[in-house]
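**Q** 3D, please:
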Amino acid sequence: MTTHKTRIAVFCSGNGSNFKALFEAIRNKQLPAEIVLCLSNRARCGAMEFAEQNGITTLHITEKQFASFDEFADAMVEGVKKHQTDIILLAGYMRKVPDAVVAAFPDKMLNIHPALLPKFGGEGMYGVHVHTAVLEAGESETGATVHFVNEEYDKGEILLQRTVPVLPDDTAETLAARVLVCEHALYPDALEKLLALQRS
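**A** Have a look, this model is predicted:
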(Lines give C-alpha, C1' and ligand atoms only; values in the text may rest on other atoms or scores of the structure.)
Protein backbone atom coordinates (compact mmCIF):
# COMPACT_ATOMS: atom_id res chain seq x y z
CA MET A 1 0.00 0.00 0.00
CA THR A 2 1.45 3.36 -1.04
CA THR A 3 1.55 6.02 1.67
CA HIS A 4 -0.06 9.28 0.59
CA LYS A 5 2.49 12.02 0.13
CA THR A 6 1.42 15.46 1.31
CA ARG A 7 1.40 17.72 -1.74
CA ILE A 8 3.11 21.06 -1.14
CA ALA A 9 2.99 24.38 -2.98
CA VAL A 10 5.85 26.75 -2.16
CA PHE A 11 5.36 30.51 -2.66
CA CYS A 12 8.63 32.36 -3.37
CA SER A 13 9.93 35.71 -4.58
CA GLY A 14 13.70 35.48 -4.36
CA ASN A 15 16.70 33.20 -4.48
CA GLY A 16 14.79 30.36 -2.89
CA SER A 17 17.31 29.29 -0.23
CA ASN A 18 14.55 28.13 2.14
CA PHE A 19 12.81 26.44 -0.79
CA LYS A 20 16.03 24.53 -1.55
CA ALA A 21 16.44 23.60 2.14
CA LEU A 22 12.89 22.21 2.21
CA PHE A 23 13.42 20.30 -1.05
CA GLU A 24 16.65 18.74 0.21
CA ALA A 25 15.15 17.85 3.60
CA ILE A 26 12.16 16.10 2.04
CA ARG A 27 14.54 14.02 -0.05
CA ASN A 28 17.23 13.37 2.57
CA LYS A 29 14.85 12.66 5.47
CA GLN A 30 12.48 10.77 3.17
CA LEU A 31 9.54 12.78 4.47
CA PRO A 32 6.10 11.69 3.23
CA ALA A 33 5.71 14.84 1.14
CA GLU A 34 6.48 16.25 -2.29
CA ILE A 35 6.71 19.79 -3.65
CA VAL A 36 4.36 19.93 -6.62
CA LEU A 37 4.28 23.68 -7.34
CA CYS A 38 6.46 26.77 -7.05
CA LEU A 39 4.35 29.93 -7.25
CA SER A 40 6.03 33.31 -7.59
CA ASN A 41 5.12 36.94 -8.19
CA ARG A 42 8.34 37.17 -10.23
CA ALA A 43 8.71 35.53 -13.61
CA ARG A 44 12.43 35.01 -13.12
CA CYS A 45 14.04 34.38 -9.76
CA GLY A 46 16.32 31.81 -8.19
CA ALA A 47 13.43 29.85 -6.73
CA MET A 48 11.68 29.50 -10.10
CA GLU A 49 14.91 28.43 -11.78
CA PHE A 50 15.57 25.82 -9.08
CA ALA A 51 12.03 24.48 -9.46
CA GLU A 52 12.41 24.17 -13.23
CA GLN A 53 15.76 22.40 -12.84
CA ASN A 54 14.13 19.85 -10.53
CA GLY A 55 10.98 19.16 -12.53
CA ILE A 56 8.64 21.13 -10.28
CA THR A 57 5.79 22.98 -11.97
CA THR A 58 6.12 26.77 -11.81
CA LEU A 59 3.39 29.40 -11.82
CA HIS A 60 4.10 33.10 -12.25
CA ILE A 61 1.13 35.08 -11.05
CA THR A 62 0.84 38.76 -10.18
CA GLU A 63 -1.90 41.35 -9.71
CA LYS A 64 -0.89 43.11 -12.94
CA GLN A 65 -2.17 40.17 -14.96
CA PHE A 66 -5.77 40.73 -13.82
CA ALA A 67 -8.43 43.42 -14.01
CA SER A 68 -9.18 43.26 -10.29
CA PHE A 69 -7.64 42.05 -7.06
CA ASP A 70 -10.48 39.57 -6.59
CA GLU A 71 -9.73 37.98 -9.96
CA PHE A 72 -6.08 37.76 -8.99
CA ALA A 73 -6.93 36.08 -5.66
CA ASP A 74 -9.34 33.66 -7.34
CA ALA A 75 -6.66 32.72 -9.89
CA MET A 76 -4.20 32.02 -7.09
CA VAL A 77 -6.66 29.71 -5.36
CA GLU A 78 -7.47 27.97 -8.64
CA GLY A 79 -3.79 27.62 -9.55
CA VAL A 80 -2.95 26.00 -6.23
CA LYS A 81 -6.02 23.75 -6.07
CA LYS A 82 -5.38 22.57 -9.63
CA HIS A 83 -2.34 20.74 -8.30
CA GLN A 84 -4.32 19.07 -5.50
CA THR A 85 -2.22 20.89 -2.95
CA ASP A 86 -2.52 19.87 0.70
CA ILE A 87 -0.38 22.62 2.27
CA ILE A 88 1.29 25.89 1.26
CA LEU A 89 4.70 26.97 2.51
CA LEU A 90 5.72 30.61 2.13
CA ALA A 91 9.47 30.82 1.58
CA GLY A 92 10.47 34.42 0.99
CA TYR A 93 7.19 35.36 -0.69
CA MET A 94 7.32 39.15 -0.52
CA ARG A 95 3.62 39.86 -0.89
CA LYS A 96 0.72 39.63 1.54
CA VAL A 97 -1.26 36.53 0.64
CA PRO A 98 -4.84 37.51 -0.34
CA ASP A 99 -7.44 36.75 2.33
CA ALA A 100 -9.32 34.55 -0.16
CA VAL A 101 -6.26 32.30 -0.48
CA VAL A 102 -5.83 32.11 3.30
CA ALA A 103 -9.53 31.24 3.67
CA ALA A 104 -9.25 28.51 1.04
CA PHE A 105 -6.46 26.78 2.98
CA PRO A 106 -7.33 27.19 6.68
CA ASP A 107 -4.54 25.96 8.98
CA LYS A 108 -2.70 24.64 5.93
CA MET A 109 -0.35 27.53 5.23
CA LEU A 110 2.97 28.19 6.97
CA ASN A 111 5.37 31.12 6.81
CA ILE A 112 8.91 31.49 8.12
CA HIS A 113 9.81 34.82 9.74
CA PRO A 114 13.44 35.89 10.38
CA ALA A 115 12.91 36.93 14.00
CA LEU A 116 11.16 35.83 17.17
CA LEU A 117 7.44 36.50 17.05
CA PRO A 118 5.36 38.13 18.30
CA LYS A 119 7.90 40.83 19.26
CA PHE A 120 9.42 41.57 15.86
CA GLY A 121 6.57 41.08 13.42
CA GLY A 122 4.01 43.02 11.47
CA GLU A 123 3.90 45.10 8.32
CA GLY A 124 7.32 46.34 7.22
CA MET A 125 9.15 43.77 9.34
CA TYR A 126 10.99 41.87 6.65
CA GLY A 127 14.55 41.44 5.43
CA VAL A 128 17.12 43.84 6.78
CA HIS A 129 14.41 45.90 8.54
CA VAL A 130 13.79 43.08 11.03
CA HIS A 131 17.46 42.64 11.90
CA THR A 132 17.98 46.39 12.24
CA ALA A 133 15.03 46.54 14.65
CA VAL A 134 16.47 43.68 16.72
CA LEU A 135 19.85 45.44 16.98
CA GLU A 136 18.29 48.81 17.81
CA ALA A 137 16.27 47.17 20.59
CA GLY A 138 19.48 45.85 22.16
CA GLU A 139 18.34 42.25 22.12
CA SER A 140 20.75 39.52 23.26
CA GLU A 141 19.10 36.90 21.09
CA THR A 142 16.97 36.65 18.00
CA GLY A 143 15.99 33.70 15.84
CA ALA A 144 13.40 32.43 13.42
CA THR A 145 9.73 31.54 13.71
CA VAL A 146 7.52 29.26 11.66
CA HIS A 147 3.86 30.15 12.07
CA PHE A 148 0.50 29.47 10.50
CA VAL A 149 -0.70 32.20 8.17
CA ASN A 150 -3.90 34.10 8.87
CA GLU A 151 -5.29 37.40 7.59
CA GLU A 152 -2.89 39.51 9.67
CA TYR A 153 0.86 39.89 9.14
CA ASP A 154 2.80 37.50 11.40
CA LYS A 155 -0.14 36.93 13.76
CA GLY A 156 -0.88 33.25 13.12
CA GLU A 157 -0.29 30.50 15.67
CA ILE A 158 3.40 29.71 16.17
CA LEU A 159 4.38 26.17 15.20
CA LEU A 160 8.11 26.25 15.97
CA GLN A 161 10.79 28.76 17.01
CA ARG A 162 14.55 28.62 17.42
CA THR A 163 16.93 31.21 18.86
CA VAL A 164 20.36 32.43 17.81
CA PRO A 165 22.61 34.84 19.75
CA VAL A 166 23.07 38.48 18.89
CA LEU A 167 26.79 39.23 19.09
CA PRO A 168 28.24 42.56 20.29
CA ASP A 169 29.77 43.40 16.89
CA ASP A 170 26.81 42.28 14.77
CA THR A 171 25.53 44.32 11.87
CA ALA A 172 22.14 43.74 10.29
CA GLU A 173 23.94 41.80 7.54
CA THR A 174 25.92 39.47 9.83
CA LEU A 175 22.84 38.86 11.93
CA ALA A 176 20.78 38.12 8.83
CA ALA A 177 23.33 35.53 7.71
CA ARG A 178 23.24 33.77 11.09
CA VAL A 179 19.45 33.76 11.21
CA LEU A 180 19.29 32.38 7.65
CA VAL A 181 21.35 29.35 8.70
CA CYS A 182 18.85 28.85 11.52
CA GLU A 183 15.94 29.13 9.08
CA HIS A 184 17.35 26.44 6.81
CA ALA A 185 17.27 23.94 9.68
CA LEU A 186 14.08 25.20 11.33
CA TYR A 187 11.71 25.16 8.35
CA PRO A 188 12.26 21.48 7.49
CA ASP A 189 11.80 20.61 11.18
CA ALA A 190 8.56 22.59 11.25
CA LEU A 191 7.36 20.81 8.12
CA GLU A 192 8.17 17.47 9.74
CA LYS A 193 6.20 18.53 12.83
CA LEU A 194 3.21 19.60 10.71
CA LEU A 195 3.23 16.31 8.79
CA ALA A 196 3.27 14.41 12.09
CA LEU A 197 0.37 16.50 13.44
CA GLN A 198 -1.66 15.80 10.30
CA ARG A 199 -1.19 12.07 10.81
CA SER A 200 -1.88 11.98 14.55
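**Q** List the buried residues of stretch 90-108.
**A** Applying a neighbour-count criterion of 16 or more other C-beta atoms under 10 Å, one finds 90-93, 97-98, 101-102, 104-105, 108 buried in stretch 90-108. Glycine gets a C-beta too; all of them are placed from N, C-alpha and C.
**Q** Show me which pair in the residues you listed is furthest apart.
**A** Comparing every pair within these by C-beta to C-beta identifies 92 and 104 as the most remote, at 21.4 Å.
**Q** Tell me which helix or strand residue 59 sits in.
**A** Using DSSP states H and E, residue 59 sits within strand 57-60.
**Q** Nearest the middle, which residue of this protein would you pick?
**A** Centroid-nearest residue in the chain, with C-alpha atoms, centre = their mean: residue 90, separated by 2.4 Å.
**Q** Dump the buried residues of stretch 90-108 into TSV; add secondary structure as well.
**A** Listed next are the buried residues of stretch 90-108 as TSV, based on DSSP: H, G, I helix; E, B strand; the rest coil:
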residue	secondary structure
90	strand
91	coil
92	coil
93	coil
97	coil
98	coil
101	helix
102	helix
104	helix
105	coil
108	coil
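**Q** Nearest to residue 77 among those residues?
**A** residue 104 (4.7 Å).
**Q** Pull the number of nearby residues for the residue nearest to that closest one when sequence neighbours are not counted.
**A** The spatial neighbour of residue 104 that comes closest, neighbours along the chain excluded (C-beta to C-beta, 6 or more residues apart in numbering), is residue 77 at 4.7 Å. Residues within reach of residue 77, counting by other C-beta atoms under 10 Å, total 16.
**Q** List the buried residues of the one helix or strand residue 77 maps to.
**A** Using DSSP H and E, residue 77 sits within helix 69-81. Neighbour-count burial for helix 69-81, counted by 16+ other C-beta under 10 Å, picks out 72-77, 79-80.
**Q** for the residues you listed, which one is nearest residue 59?
**A** residue 79 (5.1 Å).
**Q** sorry, back to before: with pLDDT and distance to residue 174 as added columns, please give the buried residues of helix 69-81 in CSV.
**A** Formatted as CSV, these follow (pLDDT from 0 to 100; distance: C-beta to C-beta, whole Å):
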residue, pLDDT, distance to residue 174
72, 95, 38
73, 95, 38
74, 96, 43
75, 96, 40
76, 96, 36
77, 97, 40
79, 95, 38
80, 96, 36
